[in-house]
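1. any chance you can model this:
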Amino acid sequence: MLIRACLLVLLLASSLCGATQGKVTVKEILQNQQPEQTEQEASEQDQGIEEVALDKLHRETPRGAMQGYLNAARSRDFTLASDYLDFRNLSPEVLALGKPQLAEILYLVLERTLWVDLPSLSSQPQGKEQDLLPSYRDLVGELTTAQGPVQILLQRVPAESGGNYIWKISNATVAQIPLLKTHYSYSPSGEWLYKHLPDQSFLGVKLWQWVYYSANLLVYLLLALAITRVLAFIAKRIKPDLSAEASGLINGPLCLLLGVILARNLASEANSTLASKAVFEGATLLIIAWTWFALRAIDVVRYRFSQRLILRGNEQAVYLLRPLGNVVQIAVVIMALFLWLENLGFSATTLVAGLGIGGLAVALAAQKSVENIIGAITLYSSAPVRVGQVCRFGEQVGTVEEIGLRATRVRTLNRTVIHVPNARFVDMELENISERERIGYRPELILDRSTSSAQIADLQAELMQLLGQQPDVADSPCRARFTGFVPRGLCIEVLCYIETTDFNLYLARSEELNLAILSLLHKLKIDLAPPDYF
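-> Okay, here's the model as predicted:
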């Protein structure tokens with residue numbers, strides 16, 4: 001048990017370390033899939049250009065140039081994308097790579113290292129001012145390498161047609177592309193998948209990356225499967241009576257959770273991009289795994305508590321564990337959903353606020369339901385009656401068949417079923433008939449007025465002897481008394497208790513006693529009061 005608890009703690013700590021949210025979210029990825037300028041941005045750009053002639057590639061501003069380059073690169077038109085790079089004054093070694101290849105390499109590096117925030121770039125032909133850079137340069141971002149930082153710069157250069165100025169990715173940045181390639185190139189397997197699989201993407205993640213990471217996940221799931229099978233075998237050897245719930249927890253949710261954690265923490269990042277990191281930082285699989293694990297763990301805890309309560313003879317509380325467990329499981333699912341939305345970049349606080357306002361209205365409408373749920377908790381905790389017991393409530397007598405969250409179901413002696421709301425049932429005066437440890441036998445014998453005192457004394461003696469010979473009759477209290485005169489005759493009260501809680505056995509014993517008393521009356525020649533006396 002201790003080993004298993006330690007393992008779960010380690011898994012929790014490991015998964016939390018792997019689930020830290022990155023700077024780029026899925027929400028930003030989705031927003032960045034809209035390459036076209038808005039009407040407002042286009043209007044602002046047109047107003048800022050003034051006398052500058054429009055460039056057919058929209059390179060009049062830093063934002064337009066960078067946006068055009070990214071659009072061309074995303075469509076894998078690297079020949080077009082190279083028109084956004086400044087190739088002036090470059091060394092022959094750099095130019096030997098080829099202009100389209102340089103544009104492609106830079107795009108792959110940016111995908112892996114730098115999130116280009118297009119709205120932050122200037123939409124003015126002059127670029128940003130007072131940014132501590134020369135007036136003809138704007139900074140897009142900065143990358144870190146072993147040889148030092150590399151700036152991604154945009155530079156205002158003369159247009160090819162002459163007469164005007166346009167913005168391109170600076171030749172100072174282009175000159176650093178071979179260096180960036182050595183630091184941020186894909187692995188051989190990633191390079192092969194990139195070149196041979198179709199250029200399709202989902203949530204900004206390329207098809208080849210989905211294939212690569214799915215294959216990695218499958219490998220780690222197989223490894224987790226082997227580990228959990230060994231753990232299940234060890235747990236079975238240590239505890240032969242391991243419950244099916246605990247065994248299922250190890251073989252199912254724990255296996256998936258361990259596989260996802262291994263994949264997140266041990267998989268190589270050589271083929272990751274900002275988009276793939278954003279999707280994986282959404283932790284969809286991890287949240288699903290943890291949610292499944294938590295739901296099954298709640299079932300295990302509920303089963304363990306049920307067994308303990310049964311051993312203690314408190315079977316009544318077992319019925320309360322199921323609805324309480326369901327409430328906890330629903331809370332876990334809701335928390336997991338909110339956490340997932342936050343990881344994707346969507347604000348869950350707005351949703352929570354909306355739920356709070358709507359929840360107030362629902363709470364007012366569900367006031368009676370809440371009262372009944374509280375009544376169910378009271379019935380389970382205080383246990384005035386339990387399922388299967390016979391009770392008297394109001395003018396009804398019946399057997400309790402179920403104590404639900406809303407109402408208690410009672411089957412009456414007429415075999416009909418009554419559903420009583422818990423809030424009203426718990427406030428009733430409840431007589432628990434099944435709680436009696438023995439059943440009283442209390443007949444009243446109304447003797448004829450002609451009965452003599454000697455006959456009454458003999459009858460009392462015979463009755464006490466008869467009751468004393470019965471093995472199921474309690475020794476105390478046990479009496480047969482002449483209680484006095486009634487209008488109909490002479491009253492003899494008999495009181496004793498039959499040692500049973502089985503009503504059918506009680507009826508059998510009381511029938512035997514009634515026949516024996518009737519025999520005594522015939523033996524002593526004592527008559528009961530005539531019927532017309534009643």
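2. and stretch 222-229, what's buried?
-> Applying a neighbour-count criterion of 16 or more other CB atoms under 10 Å, one finds 224, 227-228 buried in stretch 222-229. C-beta coordinates here come from the backbone N, C-alpha and C atoms, glycine included.
3. same check, this time on stretch 457-475
-> The neighbour-count check on stretch 457-475 (16+ other CB under 10 Å) flags 459-460, 462-463, 466-467, 470, 472-474 as buried.
4. ok, now how distant is Asn216 from Glu111?
-> From Asn216 over to Glu111 the distance is 19 Å, taken as CB to CB, to the nearest Å.
5. neighbour count: the two, which is higher?
-> Glu111 (21 against 17; other CB atoms under 10 Å).
6. send the alpha carbons of the helix or strand containing the more buried one over as CSV?
-> Assignment of secondary structure by DSSP states H and E places Glu111 within helix 99-113. Coordinates of the C-alpha atoms in helix 99-113 are reproduced here as CSV (Å, rounded to 0.1, in the frame of the first residue of the first chain):
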residue,chain,number,x,y,z
LYS,A,99,17.4,31.4,-52.1
PRO,A,100,14.2,29.2,-51.7
GLN,A,101,16.1,26.9,-49.4
LEU,A,102,17.2,29.8,-47.2
ALA,A,103,13.6,31.0,-47.0
GLU,A,104,12.5,27.5,-46.1
ILE,A,105,15.2,27.0,-43.4
LEU,A,106,14.3,30.4,-41.8
TYR,A,107,10.6,29.5,-41.7
LEU,A,108,11.3,26.1,-40.1
VAL,A,109,13.6,27.8,-37.5
LEU,A,110,10.9,30.4,-36.7
GLU,A,111,8.3,27.7,-36.4
ARG,A,112,10.4,26.0,-33.7
THR,A,113,11.7,29.0,-31.8
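7. show me what it is packed up against.
-> helix 62-74, helix 78-82, helix 171-174, helix 177-184, helix 274-281 (3 or more CB pairs under 8 Å, 6 or more residues apart in numbering; DSSP states H and E).
8. distance between that helix and the chain's centre?
-> On the basis of CA atoms, centre = their mean, to the nearest Å, helix 99-113 is displaced by 42 Å from the centre of the chain it belongs to.
9. what residues sit buried inside that helix?
-> 99-100, 102-113.
10. each with direction, which strands does the helix or strand following it pair with?
-> Reading on from helix 99-113 to the C-terminus, the next helix or strand found by DSSP H and E is strand 137-145. Taking DSSP bridges as the criterion, strand 137-145 pairs within the sheet with strand 148-158 (antiparallel).
11. quick one, the partner strand and helix 177-184 angle?
-> Using axes from the mean of the first three to the mean of the last three CA atoms, to 10 degrees, one finds that strand 148-158 and helix 177-184 are set 140 degrees apart in direction.
12. mind listing the strands for the stretch 251-400 of the chain?
-> Taking DSSP state E, counting those that start in this stretch as the criterion, the stretch 251-400 of the chain contains strands spanning 390-393, 396-403.
13. among the ones you listed, which comes closest to Glu511?
-> Nearest to Glu511 among those is strand 390-393; the distance by CB to CB comes to 20.4 Å.
14. returning to what we had before: so which of the strands of the stretch 251-400 of the chain is the most packed in?
-> Of all these, strand 390-393 has the most neighbours on average by mean count of other CB atoms under 10 Å, namely a mean of 19.
15. and it, average pLDDT?
-> Across strand 390-393, pLDDT averages out at 90.
16. contact partners of that strand?
-> Where contact means CB atoms under 8 Å, 6 or more residues apart in numbering, the residues beyond strand 390-393 that reach it are 385, 397-400, 410, 420, 425, 428-434.
17. show the model's pLDDT score for Lys206.
-> Model confidence at Lys206, given as pLDDT, is 72.
18. about what we covered before: buried ones among the contacts of strand 390-393?
-> Judged by neighbour count, with 16+ other CB under 10 Å as the criterion, the buried members of the contacts of strand 390-393 are 385, 398-400, 410, 420, 425, 430, 432-433.
19. out of the residues you listed, which are inside helices?
-> Using DSSP state H, Phe425 are the members of the buried ones among the contacts of strand 390-393 that sit in helices.
20. mind putting the buried ones among the contacts of strand 390-393 in TSV, distance to Asn164 and pLDDT included?
-> Output for those, formatted as TSV (distance: CB to CB, whole Å; pLDDT from 0 to 100):
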residue	distance to Asn164	pLDDT
Val385	92	85
Gly398	95	91
Thr399	95	91
Val400	91	90
Val410	91	93
Val420	88	91
Phe425	87	89
Leu430	94	89
Asn432	97	88
Ile433	101	85
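21. and the pLDDT for Val486?
-> In this prediction, Val486 carries a pLDDT score of 86.
22. sorry, back to before: which one of the contacts of strand 390-393 sits closest to Leu266?
-> Looking at the contacts of strand 390-393 and their distance to Leu266, the nearest is Val400, at 55.9 Å (CB to CB).
23. which ones are touching that closest one?
-> Applying CB under 8 Å, 6+ apart, we find Val400 in contact with 385-391, 408-410.
24. and what of Gly68?
-> Residues touching Gly68, when contacts are defined by CB under 8 Å, 6+ apart, comprise 57-59, 84.
25. for the strands of the stretch 251-400 of the chain, which one sits closest to Ala172?
-> Distance to Ala172, taken as CB to CB, is lowest for strand 396-403 among the strands of the stretch 251-400 of the chain, at 78.0 Å.
26. chain center to that closest one, what's the gap?
-> For strand 396-403, the distance from its own C-alpha centre to the chain's C-alpha centre is 34 Å (CA atoms, centre = their mean).
27. one more: stretch 522-530?
-> For stretch 522-530, the distance between its averaged C-alpha position and the chain's averaged C-alpha position is 76 Å (CA atoms, centre = their mean).
28. and the closest residue in space to Glu431 that isn't next to it in sequence, how far is that from Gln130?
-> Closest residue to Glu431 in three dimensions, ignoring its sequence neighbours and counting by CB to CB, 6 or more residues apart in numbering: Arg392, at 3.9 Å. Using CB to CB, Arg392 is found at 89 Å from Gln130.
29. one step back: give me the buried subset of the contacts of Gly68.
-> Here the buried ones among those, as counted with 16+ other CB under 10 Å, turn out to be 57-59, 84.
30. in CSV, list these along with pLDDT, secondary structure and distance to Ser369.
-> Listed next are the buried ones among the contacts of Gly68 as CSV, based on pLDDT from 0 to 100; DSSP: H, G, I helix; E, B strand; the rest coil; distance: CB to CB, whole Å:
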residue, pLDDT, secondary structure, distance to Ser369
Leu57, 86, coil, 65
His58, 86, coil, 61
Arg59, 88, coil, 65
Tyr84, 91, coil, 64
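31. so what pLDDT did Asp46 get?
-> With respect to pLDDT, Asp46 scores 45.
32. if you could redo that for Val279, that was the one I meant.
-> According to the model's per-residue confidence, Val279 sits at a pLDDT of 65.
33. in a strand, Ala480, correct?
-> Yes: under the criterion used here (DSSP: H, G, I helix; E, B strand; the rest coil), Ala480 sits inside a strand.
34. list the contacts for it?
-> Counting by CB under 8 Å, 6+ apart, Ala480 touches 459-460, 463-464, 467, 492-495.
35. between those, which sits nearest Ile169?
-> Relative to Ile169, the closest of these is Leu495; by CB to CB it sits at 107.2 Å.
36. flag every buried residue along the strand or helix carrying the closest one.
-> Counting by DSSP H and E, the element that carries Leu495 is strand 489-498. Taking 16+ other CB under 10 Å as the basis for neighbour counts, the residues of strand 489-498 that come out buried are 489-492, 494, 496-498.
37. check stretch 243-252 too.
-> Judged by neighbour count (16+ other CB under 10 Å), stretch 243-252 contains these buried residues: 245-246, 249-250.
38. same thing with stretch 164-182?
-> Neighbour counts using 16+ other CB under 10 Å place 164-177, 179-181 of stretch 164-182 among the buried residues.
39. tabulate the buried residues of strand 489-498 (a markdown table), appending pLDDT.
-> Supplementary listing: the buried residues of strand 489-498 in a markdown table, determined by pLDDT from 0 to 100:
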| residue | pLDDT |
| --- | --- |
| Gly489 | 88 |
| Leu490 | 91 |
| Cys491 | 92 |
| Ile492 | 91 |
| Val494 | 92 |
| Cys496 | 92 |
| Tyr497 | 92 |
| Ile498 | 90 |
